[in-house]
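Build the 3D model from these lines:
(one chain, ligands or ions: 1)
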Amino acid sequence: IMPDRLIHLESVDSTNLHCKREFDSLADGALVYADMQTAGRGRLGRKWLSPPCNFYGSAVFKQCFDGFGATMTLSLAALDVLHELVPEMDVYIKWPNDLFCGRAKLAGMLCEGVLDNHNRLKGVIAGLGVNLNMTGDDLAAIGQAAVSVLSVANRRIIPDFFAKKLAFYLNRRYIIYLNSPESVFAEWRDANRLIGRRIKVIGFKGSEEGIFRDVAESGEMLLETSGGIKKINSGDVSIDKGSL
Ligand code: BTN
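This is a model prediction of the structure:
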(Lines give C-alpha, C1' and ligand atoms only; values in the text may rest on other atoms or scores of the structure.)
Protein backbone atom coordinates (compact mmCIF):
# COMPACT_ATOMS: atom_id res chain seq x y z
CA ILE A 1 0.00 0.00 0.00
CA MET A 2 1.27 3.48 -0.72
CA PRO A 3 1.89 5.18 2.64
CA ASP A 4 -0.27 8.20 1.85
CA ARG A 5 -3.19 5.96 1.03
CA LEU A 6 -3.95 4.78 4.58
CA ILE A 7 -4.41 7.48 7.19
CA HIS A 8 -5.07 6.77 10.83
CA LEU A 9 -6.77 9.17 13.26
CA GLU A 10 -7.33 8.50 16.92
CA SER A 11 -10.59 10.33 17.25
CA VAL A 12 -12.63 12.44 14.84
CA ASP A 13 -16.18 13.73 14.59
CA SER A 14 -16.83 11.58 11.51
CA THR A 15 -14.38 10.17 8.98
CA ASN A 16 -16.80 11.22 6.20
CA LEU A 17 -16.81 14.82 7.42
CA HIS A 18 -13.02 14.76 7.77
CA CYS A 19 -12.61 13.55 4.16
CA LYS A 20 -15.01 16.19 2.88
CA ARG A 21 -13.05 18.94 4.68
CA GLU A 22 -9.64 17.62 3.57
CA PHE A 23 -10.75 16.38 0.15
CA ASP A 24 -8.28 18.42 -1.93
CA SER A 25 -5.23 17.27 0.03
CA LEU A 26 -6.20 13.59 0.11
CA ALA A 27 -5.00 11.17 -2.56
CA ASP A 28 -7.44 9.48 -4.92
CA GLY A 29 -8.17 6.08 -3.35
CA ALA A 30 -7.05 7.15 0.14
CA LEU A 31 -8.63 5.45 3.14
CA VAL A 32 -8.97 7.46 6.35
CA TYR A 33 -9.93 5.54 9.46
CA ALA A 34 -10.38 6.41 13.11
CA ASP A 35 -10.40 4.45 16.37
CA MET A 36 -13.59 6.23 17.37
CA GLN A 37 -15.99 8.92 16.13
CA THR A 38 -17.72 11.49 18.29
CA ALA A 39 -20.43 12.25 15.71
CA GLY A 40 -20.65 9.13 13.54
CA ARG A 41 -23.34 9.48 10.90
CA GLY A 42 -25.59 6.89 9.32
CA ARG A 43 -27.88 6.96 6.32
CA LEU A 44 -31.18 8.85 6.32
CA GLY A 45 -29.94 11.28 8.98
CA ARG A 46 -29.32 8.64 11.63
CA LYS A 47 -26.43 8.41 14.08
CA TRP A 48 -23.77 5.70 13.94
CA LEU A 49 -22.59 4.58 17.36
CA SER A 50 -18.80 4.62 17.25
CA PRO A 51 -17.08 3.28 20.36
CA PRO A 52 -13.39 2.28 20.04
CA CYS A 53 -13.77 -1.41 19.19
CA ASN A 54 -15.00 -1.37 15.60
CA PHE A 55 -13.83 -0.14 12.21
CA TYR A 56 -14.79 3.36 11.02
CA GLY A 57 -13.31 4.55 7.77
CA SER A 58 -13.93 6.58 4.62
CA ALA A 59 -12.59 6.11 1.13
CA VAL A 60 -11.87 8.98 -1.25
CA PHE A 61 -12.91 8.49 -4.87
CA LYS A 62 -11.79 11.21 -7.26
CA GLN A 63 -12.56 9.38 -10.48
CA CYS A 64 -15.91 7.99 -9.52
CA PHE A 65 -18.80 10.20 -10.42
CA ASP A 66 -21.69 8.30 -9.03
CA GLY A 67 -22.39 7.04 -5.55
CA PHE A 68 -23.12 3.51 -6.69
CA GLY A 69 -19.69 3.06 -8.27
CA ALA A 70 -18.14 4.00 -4.94
CA THR A 71 -20.58 1.84 -2.98
CA MET A 72 -19.94 -1.19 -5.16
CA THR A 73 -16.16 -0.82 -5.00
CA LEU A 74 -16.08 -0.33 -1.24
CA SER A 75 -18.65 -3.08 -0.49
CA LEU A 76 -16.70 -5.62 -2.49
CA ALA A 77 -13.42 -4.59 -0.83
CA ALA A 78 -15.05 -5.01 2.60
CA LEU A 79 -16.37 -8.43 1.56
CA ASP A 80 -12.87 -9.37 0.35
CA VAL A 81 -11.46 -8.59 3.80
CA LEU A 82 -14.19 -10.50 5.61
CA HIS A 83 -13.84 -13.51 3.30
CA GLU A 84 -10.13 -13.57 3.97
CA LEU A 85 -10.25 -13.03 7.72
CA VAL A 86 -13.47 -14.83 8.69
CA PRO A 87 -14.34 -17.20 5.84
CA GLU A 88 -16.79 -19.04 8.08
CA MET A 89 -19.08 -16.00 8.20
CA ASP A 90 -21.78 -15.87 5.54
CA VAL A 91 -21.92 -12.16 4.73
CA TYR A 92 -24.00 -10.68 1.92
CA ILE A 93 -24.92 -7.28 0.51
CA LYS A 94 -28.31 -5.97 1.47
CA TRP A 95 -29.25 -3.34 -1.08
CA PRO A 96 -28.28 -0.57 -1.28
CA ASN A 97 -25.21 -0.61 0.94
CA ASP A 98 -25.36 -2.72 4.03
CA LEU A 99 -23.52 -5.91 4.83
CA PHE A 100 -25.73 -8.45 6.56
CA CYS A 101 -25.21 -11.77 8.21
CA GLY A 102 -28.44 -13.76 8.59
CA ARG A 103 -31.14 -11.18 9.30
CA ALA A 104 -28.88 -8.74 11.14
CA LYS A 105 -26.65 -5.86 10.14
CA LEU A 106 -22.88 -6.22 10.33
CA ALA A 107 -21.81 -3.09 8.46
CA GLY A 108 -23.22 0.06 6.92
CA MET A 109 -22.06 2.48 4.28
CA LEU A 110 -22.72 6.17 3.71
CA CYS A 111 -21.79 7.77 0.37
CA GLU A 112 -21.60 11.51 -0.05
CA GLY A 113 -20.77 13.63 -3.08
CA VAL A 114 -18.20 16.43 -2.84
CA LEU A 115 -18.94 19.57 -4.89
CA ASP A 116 -16.61 22.25 -6.24
CA ASN A 117 -17.29 26.01 -6.17
CA HIS A 118 -19.49 25.70 -9.24
CA ASN A 119 -21.57 22.95 -7.65
CA ARG A 120 -20.04 20.32 -9.89
CA LEU A 121 -19.26 16.92 -8.43
CA LYS A 122 -15.54 16.50 -7.89
CA GLY A 123 -15.64 13.17 -6.18
CA VAL A 124 -17.37 10.84 -3.76
CA ILE A 125 -16.62 9.92 -0.15
CA ALA A 126 -17.76 6.46 0.87
CA GLY A 127 -17.80 5.74 4.60
CA LEU A 128 -17.88 2.27 6.09
CA GLY A 129 -18.59 1.18 9.63
CA VAL A 130 -18.09 -2.49 10.49
CA ASN A 131 -19.08 -4.01 13.81
CA LEU A 132 -15.96 -5.93 14.73
CA ASN A 133 -15.72 -6.40 18.48
CA MET A 134 -19.02 -5.17 19.89
CA THR A 135 -20.48 -7.52 22.45
CA GLY A 136 -24.06 -8.80 22.54
CA ASP A 137 -25.07 -6.20 25.14
CA ASP A 138 -23.70 -3.28 23.09
CA LEU A 139 -25.37 -4.64 19.97
CA ALA A 140 -28.72 -4.95 21.72
CA ALA A 141 -28.64 -1.20 22.42
CA ILE A 142 -28.52 -0.34 18.70
CA GLY A 143 -32.25 -0.40 18.02
CA GLN A 144 -32.19 -2.72 15.02
CA ALA A 145 -30.96 -6.29 14.67
CA ALA A 146 -27.16 -6.03 14.60
CA VAL A 147 -24.25 -8.44 14.84
CA SER A 148 -20.47 -8.16 15.05
CA VAL A 149 -17.67 -10.45 13.92
CA LEU A 150 -17.17 -11.22 17.62
CA SER A 151 -20.83 -12.05 18.24
CA VAL A 152 -21.15 -14.30 15.18
CA ALA A 153 -17.76 -15.93 14.75
CA ASN A 154 -16.37 -15.47 18.25
CA ARG A 155 -13.23 -13.94 16.76
CA ARG A 156 -11.55 -10.63 17.46
CA ILE A 157 -10.19 -8.60 14.57
CA ILE A 158 -8.08 -5.63 15.58
CA PRO A 159 -9.43 -2.54 13.76
CA ASP A 160 -5.92 -1.51 12.59
CA PHE A 161 -5.46 -4.89 10.97
CA PHE A 162 -8.86 -4.64 9.28
CA ALA A 163 -7.88 -1.18 7.99
CA LYS A 164 -4.61 -2.45 6.44
CA LYS A 165 -6.38 -5.29 4.69
CA LEU A 166 -9.15 -2.98 3.52
CA ALA A 167 -6.68 -0.47 2.08
CA PHE A 168 -5.08 -3.27 0.08
CA TYR A 169 -8.34 -4.66 -1.31
CA LEU A 170 -9.80 -1.20 -1.90
CA ASN A 171 -6.86 -0.28 -4.08
CA ARG A 172 -7.30 -3.49 -6.04
CA ARG A 173 -11.05 -3.13 -6.45
CA TYR A 174 -10.75 0.53 -7.43
CA ILE A 175 -8.29 -0.32 -10.22
CA ILE A 176 -10.67 -3.02 -11.45
CA TYR A 177 -13.57 -0.56 -11.27
CA LEU A 178 -11.69 2.05 -13.32
CA ASN A 179 -10.76 -0.48 -15.99
CA SER A 180 -13.90 -2.56 -16.04
CA PRO A 181 -16.83 -1.11 -14.08
CA GLU A 182 -19.08 -3.81 -15.56
CA SER A 183 -17.12 -6.58 -13.86
CA VAL A 184 -17.40 -4.83 -10.49
CA PHE A 185 -21.11 -4.43 -11.13
CA ALA A 186 -21.48 -8.15 -11.97
CA GLU A 187 -19.79 -9.21 -8.74
CA TRP A 188 -21.71 -6.71 -6.68
CA ARG A 189 -24.96 -7.94 -8.22
CA ASP A 190 -24.06 -11.55 -7.32
CA ALA A 191 -23.39 -10.58 -3.71
CA ASN A 192 -26.86 -8.94 -3.43
CA ARG A 193 -28.75 -11.68 -1.68
CA LEU A 194 -32.26 -10.25 -1.67
CA ILE A 195 -32.86 -10.41 -5.42
CA GLY A 196 -35.98 -12.47 -6.12
CA ARG A 197 -37.52 -11.90 -2.69
CA ARG A 198 -40.61 -10.06 -1.58
CA ILE A 199 -39.62 -6.92 0.24
CA LYS A 200 -40.75 -3.50 1.35
CA VAL A 201 -38.70 -0.36 0.71
CA ILE A 202 -39.17 2.64 2.93
CA GLY A 203 -37.81 5.80 1.37
CA PHE A 204 -38.23 9.55 1.53
CA LYS A 205 -41.40 9.34 -0.56
CA GLY A 206 -43.19 6.69 1.49
CA SER A 207 -43.03 2.95 1.10
CA GLU A 208 -43.34 0.46 -1.75
CA GLU A 209 -43.87 -3.28 -1.62
CA GLY A 210 -43.04 -5.85 -4.24
CA ILE A 211 -40.53 -8.34 -5.53
CA PHE A 212 -36.92 -7.26 -5.80
CA ARG A 213 -36.42 -8.32 -9.43
CA ASP A 214 -32.93 -7.08 -10.15
CA VAL A 215 -30.47 -4.23 -9.88
CA ALA A 216 -29.93 -1.87 -12.81
CA GLU A 217 -26.35 -1.23 -14.03
CA SER A 218 -26.48 2.13 -12.35
CA GLY A 219 -27.28 0.42 -9.03
CA GLU A 220 -31.00 1.19 -8.69
CA MET A 221 -33.34 -1.49 -7.46
CA LEU A 222 -35.89 -2.79 -9.98
CA LEU A 223 -38.95 -3.46 -7.88
CA GLU A 224 -41.90 -5.31 -9.35
CA THR A 225 -44.99 -3.76 -7.81
CA SER A 226 -48.67 -4.18 -8.61
CA GLY A 227 -48.25 -1.04 -10.74
CA GLY A 228 -45.35 -2.44 -12.77
CA ILE A 229 -41.54 -2.31 -12.47
CA LYS A 230 -40.25 0.70 -10.54
CA LYS A 231 -36.66 1.95 -10.35
CA ILE A 232 -35.72 2.81 -6.79
CA ASN A 233 -32.68 4.87 -5.97
CA SER A 234 -32.43 4.67 -2.20
CA GLY A 235 -34.32 3.59 0.86
CA ASP A 236 -34.47 1.08 3.66
CA VAL A 237 -35.36 -2.45 2.74
CA SER A 238 -37.24 -4.74 5.06
CA ILE A 239 -37.44 -8.41 4.24
CA ASP A 240 -40.79 -10.18 4.39
CA LYS A 241 -40.98 -12.76 7.15
CA GLY A 242 -40.33 -16.20 5.70
CA SER A 243 -38.65 -14.77 2.64
CA LEU A 244 -35.07 -15.26 3.90
C1 BTN B 1 -25.71 3.32 7.73
O2 BTN B 1 -25.87 2.11 7.64
O3 BTN B 1 -26.62 4.05 8.14
C4 BTN B 1 -24.40 3.90 7.29
C5 BTN B 1 -23.38 3.88 8.38
C6 BTN B 1 -22.06 4.46 7.96
C7 BTN B 1 -21.10 4.59 9.12
C8 BTN B 1 -19.73 4.97 8.68
S9 BTN B 1 -18.55 4.88 10.00
C10 BTN B 1 -17.37 5.72 9.04
C11 BTN B 1 -18.10 6.79 8.25
N12 BTN B 1 -18.18 8.01 9.04
C13 BTN B 1 -19.44 8.30 9.38
O14 BTN B 1 -19.78 9.28 10.06
N15 BTN B 1 -20.28 7.38 8.88
C16 BTN B 1 -19.58 6.37 8.12
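
residues in contact with the residue in the chain positioned nearest to the ligand?
For the chain, the nearest residue to the ligand under the criterion C-beta to the nearest ligand atom is G108, separated by 2.1 Å. For every residue, glycine as well, the C-beta is placed using N, CA and C. Neighbour list for G108: G42, R43, W48, N97, D98, L99, L128, G129 [criterion: C-beta atoms under 8 Å, 6 or more residues apart in numbering].

Got phi/psi on it?
phi -130, psi 160 (degrees, to the nearest 10).

If you count neighbours, what's buried in the longest helix along the chain?
Looking across the chain with DSSP state H, the single longest helix is helix 159-179. Applying a neighbour-count criterion of 16 or more other C-beta atoms under 10 Å, the buried positions in helix 159-179 are 159, 162-171, 173-174, 177-178.

rewinding a little: with secondary structure and distance to E224 added, can I get the contacts of G108 in a markdown table?
Written out in a markdown table, the entries for these read as follows (DSSP: H, G, I helix; E, B strand; the rest coil; distance: C-beta to C-beta, whole Å):
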| residue | secondary structure | distance to E224 |
| --- | --- | --- |
| G42 | coil | 28 |
| R43 | helix | 24 |
| W48 | coil | 32 |
| N97 | coil | 22 |
| D98 | strand | 22 |
| L99 | strand | 25 |
| L128 | strand | 30 |
| G129 | strand | 31 |
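
Any idea how far stretch 130-146 is from the middle of the chain?
Offset of stretch 130-146 from its chain centre (C-alpha atoms, centre = their mean, to the nearest Å): 17 Å.

repeat for stretch 24-36
The chain centre lies 16 Å from the centre of stretch 24-36; the measure is C-alpha atoms, centre = their mean.

what comes into contact with that stretch?
For stretch 24-36, contacts defined as C-beta under 8 Å, 6+ apart pick out 2, 4-12, 15, 18-19, 22, 50-52, 55-63, 123, 159, 163, 166-167, 170-171, 174.

Is there a quick PyMOL command that grabs whichever of the residues you listed are buried?
Restricted to buried positions by 16+ other C-beta under 10 Å, the PyMOL selection for the contacts of stretch 24-36 reads:
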select buried, resi 5+6+7+12+15+18+19+50+55+56+57+58+59+60+61+62+123+159+163+166+167+170+171+174
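
Among the contacts of stretch 24-36, which lie within strands?
Counted as lying in strands by DSSP state E, out of those, are 6-12, 55-61, 123.

restrict these to those near the ligand?
Checked against the ligand using C-beta under 6 Å from any ligand atom, the ones in strands among the contacts of stretch 24-36 give the following subset in range: Y56, G57, S58.

mind giving me CSV with the residues you listed and columns for pLDDT?
Putting those into CSV (pLDDT from 0 to 100) gives the following:
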residue, pLDDT
Y56, 98
G57, 98
S58, 98
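
Report the contact partners of the spatially most central residue of the chain.
When the chain is reduced to its mean C-alpha position, the closest residue under C-alpha atoms, centre = their mean turns out to be M109, at 2.9 Å. Taking C-beta under 8 Å, 6+ apart as the definition of contact, the neighbours of M109 are R43, T71, L74, S75, N97, D98, A126, G127, L128, G129.

Apply 6 Å and report the result again.
Under the criterion of C-beta atoms under 6 Å, 6 or more residues apart in numbering, the contact list for M109 reads T71, N97, L128.
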